[in-house]
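Trainee: got a structure for you, letters missing:
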């Protein structure tokens, strides 16, 4: 089973993360044989860079040297290591222009902000080395996963920067409230999460992805079957249009059809600009969920099936 990146519930308000604030200042141009080492700033809210000239030129040896150097703090900038000391690197391998880094289990203990800082610092640094175009992260040999529980494969600098400038400040941390079933399956319970997404990901998509991923707490029950995939989601004139693939009708759920449907509707209707939710399957609304609930018309929230947390 793929290792899941655990999401921390840290903040009470939505906030924008300026994760590369320290890199916004104009840098001295690096020489041909130099690279930028990326560290976290002293507040651990962004990245700062320090020029460094690697001694090794072979990709694997240079990567090992650079990773070791990144474990040191920089007195020059007053910054700290982006990778916490408790996060251990088990092994690094090099193949087909990709550096593969395997971490110990403590990687999973990082909160979302620290993990993003760590990941971006390592990728941005290592992809400057000759012969390394991308980096992949595993924990105990298994790929880390994103918020939709999909494996995060090879990462390049373009995943974090755009047109030579930092684009990590487009990442934001958003508080979302989603509804899962309680363990007794007698009602839906609101559960709050802090999620990180980029500026191109809507909060609606973030909510559906969290429902698809399921709860982290065993007190709650996942409402949407694991095999279901989101095709699209958009909101217009107060109605959120959610389009799933065919598995939404065929995969067996652990809860009733009513709980499955209203976990989606109630979660999305927590957003102030959404009043109703229209669900379709491959673009078709002329369907019935479990042959019980017609999807023809949009649904409003149903608070009658919401219960207090156990």
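Mentor: That came through, no problem. Since we're looking at a predicted model, the values are computed, not measured. Numbers count the residues shown, from 1 in each chain.

Trainee: can you give me the offset of the helix ranked longest in the chain from its chain's centre?
Mentor: Across the chain, the helix with the greatest residue count (assigned by DSSP state H) is helix 112-126. Chain-centre distance of helix 112-126: 13 Å, with C-alpha atoms, centre = their mean, to the nearest Å.

Trainee: Quick one: name whatever helix or strand follows it.
Mentor: Later in the chain than helix 112-126, the nearest helix or strand by DSSP states H and E is strand 134-139.

Trainee: distance between that next one and the chain's centre?
Mentor: The answer for strand 134-139 is 15 Å, by C-alpha atoms, centre = their mean.

Trainee: What is the helix or strand that that strand is followed by packed up against?
Mentor: Using DSSP H and E, the helix or strand that follows strand 134-139 towards the C-terminus is strand 142-143. Using 3 or more C-beta pairs under 8 Å, 6 or more residues apart in numbering; DSSP states H and E, no helix or strand is in contact with strand 142-143. Yep, even glycine has a C-beta here, placed from its N, CA and C like the rest.

Trainee: List the neighbouring strands of strand 142-143 plus their orientation.
Mentor: strand 134-139 (antiparallel) (DSSP bridges).

Trainee: and the longest helix of the chain with strand 134-139, angle?
Mentor: 140 degrees (axes from the mean of the first three to the mean of the last three C-alpha atoms, to 10 degrees).

Trainee: Check which helices and strands helix 112-126 sits against.
Mentor: Under the contact rule (3+ C-beta pairs under 8 Å, 6+ apart), helix 112-126 is packed against strand 35-40, strand 47-52, helix 59-70, strand 134-139, strand 188-197.

Trainee: let's see 6 Å
Mentor: Secondary-structure packing of helix 112-126 (3 or more C-beta pairs under 6 Å, 6 or more residues apart in numbering; DSSP states H and E): strand 35-40.

Trainee: what's the strand it packs on in contact with?
Mentor: With C-beta atoms under 6 Å, 6 or more residues apart in numbering as the test, strand 35-40 has contacts from 47-50, 52, 70, 74, 79-80, 82, 117, 121, 124-125, 128.

Trainee: before we move on, back to that, okay, the angle between the longest helix of the chain and strand 188-197?
Mentor: Interaxial angle, helix 112-126 versus strand 188-197 (the same axes, to 10 degrees): 30 degrees.

Trainee: Can you pull out the residues in contact with helix 112-126?
Mentor: So helix 112-126 is in contact with 8, 37-38, 40, 47, 63, 82-83, 99, 132, 135, 155, 157, 160, 168, 196, going by C-beta under 6 Å, 6+ apart.

Trainee: ok, which pair from the residues you listed is furthest apart?
Mentor: Maximum pairwise distance among the contacts of helix 112-126 (C-beta to C-beta): 30.1 Å, between 8 and 132.

Trainee: Show me which of the two is the more surrounded one.
Mentor: With neighbours defined as other C-beta atoms under 10 Å, residue 8 and residue 132 compare such that residue 132 has more, 21 against 17.

Trainee: In contact with the more buried one, which residues are there?
Mentor: For residue 132, counting by C-beta under 6 Å, 6+ apart, the contacting residues are 59, 99, 126.

Trainee: Mind giving me the PyMOL command for buried ones among those residues?
Mentor: Buried members of those, defined by 16 or more other C-beta atoms under 10 Å, are picked up in PyMOL with:
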select buried, resi 59+99+126
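
Trainee: Save the contacts of residue 132 as CSV, and put in distance to residue 184 and pLDDT too.
Mentor: Output for these, formatted as CSV (distance: C-beta to C-beta, whole Å; pLDDT from 0 to 100):
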residue, distance to residue 184, pLDDT
59, 55, 95
99, 48, 96
126, 49, 96
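
Trainee: what kind of secondary structure is residue 263 in?
Mentor: helix (DSSP: H, G, I helix; E, B strand; the rest coil).

Trainee: So what's the residue count around the closest residue to it other than its chain neighbours?
Mentor: Once flanking residues are discounted, residue 263 sits nearest to residue 223: 3.9 Å by C-beta to C-beta, 6 or more residues apart in numbering. Using other C-beta under 10 Å, residue 223 is surrounded by 26 other residues.

Trainee: sec struct for residue 223, please.
Mentor: Three-state call for residue 223 (three-state DSSP): coil.

Trainee: My read is that it contacts residue 258, right?
Mentor: No - judged on C-beta atoms under 6 Å, residue 223 makes no contact with residue 258 at a distance of 10.1 Å.

Trainee: Please name the bridge partners of residue 195.
Mentor: residue 174.
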